[in-house]
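Visitor: build the 3D model from these lines:
(one chain, ligands or ions: 1)
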Amino acid sequence: MTSHNDTLFARAQLSTPGGVNSPVRAFRSVGGTPRFITRAEGPYFWDADGKRYIDYIGSWGPAIVGHAHPEVVQAVQDAAARGLSFGAPTEGEIEMAELICKLVPSIEQVRLVSSGTEAAMSALRLARGATGRDMIVKFEGCYHGHADSLLVKAGSGLLTFGNPTSAGVPEDFAKHTLVLDYNDVQKLENAFREMGDRIACVIVEPVAGNMNLLRATPEFLQAMRRLCTQHGAVLIFDEVMSGFRVALGGAQSLYGITPDLTVLGKVIGGGLPVAAFGGRADLMQHLAPLGGVYQAGTLSGNPVTVAAGMATLQLIQAPGFYQRLTAQTAKLAKGLTEAAREAGIAFCADAIGGMFGLYFAKELPVSYATMMECDKTRFNAFFHAMLDDGIYLAPSAFEAGFVSAAHDDTIIDATIQAARRAFAQLKAN
Ligand code: PMP
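Guide: Presented below is the predicted three-dimensional model:
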C-alpha cells in the first residue's frame, strides 16, 4: 500500500523544486521519503499516515517549550484577532526589544526582522557600513543563512579566498569573504596580521550547530574578541541557533565574551518568523532612519509573530527552565552513548543546554575536518532505524538536534530504548 507521505511527496515535486521549501527537509542526504506533518503537540508530531514521532528537530530550534504550547497558541490567537499586520509600530515591539536587551546584555539596541538569513545579512551590512571596510571573516562549516557573501567555503591552505558554494553567487562577492578553520587560533591571528585593517567583521557561531554540534574552544573565541578590538573589526556572534537554546543568555553568557553584534532567530519567534540583530548602540545608530545603512521589512516586528515570540520568551524565564532542559539533553546524550557502547558501536554524543550532537566516531570531533570523518553511512542507517521506531532525528549527519521542555523522562527513556534496538540492528548488518 502506498503511503500518504509517498503520494504527497510525488505531488509536491510537481509544483515545488525537490518537493520542499527548504532543502534539508527533502531527505536527500539520508534517502527515503520525507514525512509530511499534519500536527504537533508537546514532544510529538504526526505524519500524513497518522504515525506519531518523538520530534528532535523542534522546527530546527524554535519549539523549545514543546509544540503548540497552550500559552503560545493563545497569545497568537489573541494577537491575530486584533489584526494581522499594520505596517506601523506597536507597543509589543518595544516590549520585545526591551526583553531581548535585558536577557542578552551585550545587546543595547535591537532590530526585529523575519528570518535568520535577513538578520545575518543585515548585521554584515551594518558592520561594513560602520567600519567602511569590505572584507568579512567566516569559518568553514558555520552557516549564517543564504546571503550571497556568506555562501562561501574555504579553498585549501591559509588565507585562501573562498569559492562560492552556491551557483549564482558572483566571484566579486566571494572575494570579500575570507574563510578560516573553526577553532584554529593561529590562522585567525595570521589573517589579522596580514590584513587586519581591511577586515570589517568576523562572524561566527559561538557554538556551531550547522556541522553537527561543535563546541568552540574558549581560546578561539577569546582570540577573536581580542583581535577584533585591536584591529577595529566588528565581532558578530550568530546566535540564531544557540541564542536562548544553550542558556538563557546564549553562548556568549556561557563563554563570558561580549560580541559587538548578535544575530538571533528561531526561539525568539517561538515557531513564527521572527529574527533580530542587535548590539552596541553606537553601531546600531548607523541604521536607517538614523544612519546611512539601509535595512527595512514589510512584516518586521509583525504583531502576531511578536506575540508568539514574547509568549515563548516569558516561558523560558521560568526558574529552573534551563537546568531542566540541560539535564534532560545531557541524559539523552549519556543514554545514547551507553547504548552504543553496549552494542560495541563507535559513537559519541555531546550536549549543551537543549542542543545535542550525535557522532559515529570514536572521539568527539574538535574541528570541521574531524567532523567530516564521522561515519555518514552508519548515521543514515541509524536515522532510518530510529524513524521506523517513531523517533524523528535531523535527516542529516551534520545537523544538531534539539530537546524541548516537553521531553520528559518518559520521552527520553523511550528514545534510549529505541536507540538500543537501532544500534543492535546496525551491529547485525
Ligand atoms: N544562522 C544560523 C546559525 C542558523 O542556524 C540559521 C538557520 N538554521 C540561520 C542563520 C538562518 O536562519 P533562517 O533559516 O531563519 O534564515
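Visitor: separation between Y182 and M372?
Guide: Distance, Y182 to M372, using CB to CB, to the nearest Å: 12 Å. Placement of C-beta: from N, CA and C, glycine included.
Visitor: next: I54.
Guide: I54 sits at a distance of 28 Å from M372 (criterion: CB to CB).
Visitor: more neighbours, the two?
Guide: Neighbour totals were compared for I54 and M372, and I54 leads with 22 against 15 (other CB atoms under 10 Å).
Visitor: so who does that one touch?
Guide: Contacts for I54 (CB atoms under 8 Å, 6 or more residues apart in numbering) come out as P43, Y44, G390, I391, Y392, H407, I411, A414, T415.
Visitor: so for N429, what's the pLDDT?
Guide: If you check N429, the pLDDT there is 79.
Visitor: A381 is in contact with that one, correct?
Guide: Yes: contact status for N429 versus A381: in contact at 6.9 Å, counting by CB atoms under 8 Å.
Visitor: more neighbours: which of those two?
Guide: It is A381, of N429 and A381, that has more neighbours when counted by other CB under 10 Å, with 17 against 8.
Visitor: quick one: the more buried one is in a helix?
Guide: Yes: assessed by DSSP: H, G, I helix; E, B strand; the rest coil, A381 belongs to a helix.
Visitor: so who does it touch?
Guide: Counting by CB under 8 Å, 6+ apart, A381 touches Q425, L426, N429.
Visitor: tell me which element E219 falls in.
Guide: For E219, the element it lies in under DSSP states H and E is helix 218-231.
Visitor: counting by contacts, list what that helix packs against.
Guide: For helix 218-231, the elements it packs on are helix 185-195, strand 199-204, strand 234-238, judged by 3 or more CB pairs under 8 Å, 6 or more residues apart in numbering; DSSP states H and E.
Visitor: buried residues in it, which are they?
Guide: F220, L221, A223, M224, R225, L227, C228, H231 (16 or more other CB atoms under 10 Å).
Visitor: could I get the full set of strands for the stretch 301-429 of the chain?
Guide: Assigned by DSSP state E, counting those that start in this stretch, the strands in the stretch 301-429 of the chain fall at 348-352, 355-359, 391-392, 401-402.
Visitor: so in that sheet, which strands flank the third one, and in what orientation?
Guide: Spelled out, that is strand 391-392. strand 52-55 (parallel) (DSSP bridges).
Visitor: what mean pLDDT does the following helix or strand past the strand it pairs with have?
Guide: Using DSSP H and E, the helix or strand that directly follows strand 52-55 along the chain is helix 70-81. Helix 70-81 shows a mean pLDDT of 98.
Visitor: for the ligand, give me its nearest residue in the stretch 51-200 of the chain.
Guide: Closest approach between the stretch 51-200 of the chain and the ligand, counting by CB to the nearest ligand atom: G116, at 2.1 Å.
Visitor: can you state the direction angle for the longest helix that the chain contains and strand 355-359?
Guide: Using DSSP state H, we find that the single longest helix of the chain is helix 321-343. Here the directions of helix 321-343 and strand 355-359 differ by 10 degrees (axes from the mean of the first three to the mean of the last three CA atoms, to 10 degrees).
Visitor: tell me the helices and strands packed up against helix 321-343.
Guide: Looks like helix 321-343 contacts strand 348-352, strand 355-359, helix 409-428 (3+ CB pairs under 8 Å, 6+ apart).
Visitor: so which of these is nearest the ligand?
Guide: Closest approach to the ligand among the helices and strands packed on helix 321-343 (CB to the nearest ligand atom): strand 355-359, 10.6 Å.
Visitor: ok, back up a step: contacting residues around the helix holding E219?
Guide: Contacts of helix 218-231 (CB under 8 Å, 6+ apart): 182-185, 188-189, 192, 196-197, 199, 201-202, 204, 206, 233-235, 255, 257-260.
Visitor: what's around A48, how many residues?
Guide: With other CB under 10 Å as criterion, A48 counts 16.
Visitor: that one and A330, how far apart?
Guide: 34 Å.
Visitor: where does pLDDT dip in the stretch 51-200 of the chain?
Guide: Within the stretch 51-200 of the chain, the stretches with pLDDT under 70 are 153-164.
Visitor: wait, I meant the stretch 301-429 of the chain
Guide: Nowhere does the stretch 301-429 of the chain drop to pLDDT under 70.
Visitor: one more time with 90
Guide: By pLDDT under 90, the low-scoring segments of the stretch 301-429 of the chain are 427-429.
Visitor: and the chain, which residues reach the ligand?
Guide: When proximity is defined by CB under 6 Å from any ligand atom, the chain lies next to the ligand at 60, 115-117, 120, 143-145, 205, 209-210, 238, 240-241, 265, 275.
Visitor: most surrounded residue in those?
Guide: Within the residues of the chain next to the ligand, neighbour counts (other CB under 10 Å) peak at D238, which reaches 32 neighbours.
Visitor: partner residues bridging it?
Guide: As for beta bridges, D238 partners with V263 under DSSP bridges.
Visitor: going forward, count from 141.
Guide: Sure, I'll start counting at 141 from here, so that last one is D378.
Visitor: that one touches C282, doesn't it?
Guide: Yes: if you go by CB under 8 Å, D378 and C282 touch, sitting 7.1 Å apart.
Visitor: could you pull up phi and psi at S246?
Guide: phi -70, psi -20 (degrees, to the nearest 10).
Visitor: same question for R385.
Guide: According to degrees, to the nearest 10, R385 has phi -120, psi -50.
Visitor: right, and it touches G494 too?
Guide: Yes: using CB under 8 Å, R385 makes contact with G494 at a distance of 5.5 Å.
Visitor: which neighbours do the two share?
Guide: I204, F542.
Visitor: contacting residues around the residue nearest the centre of the chain?
Guide: When CA atoms, centre = their mean is applied to the chain, the residue found nearest the centroid is M381 (2.9 Å). By CB under 8 Å, 6+ apart, the contact list for M381 reads G201, E345, V347, G349, N350, G405, K406, M495, A540.
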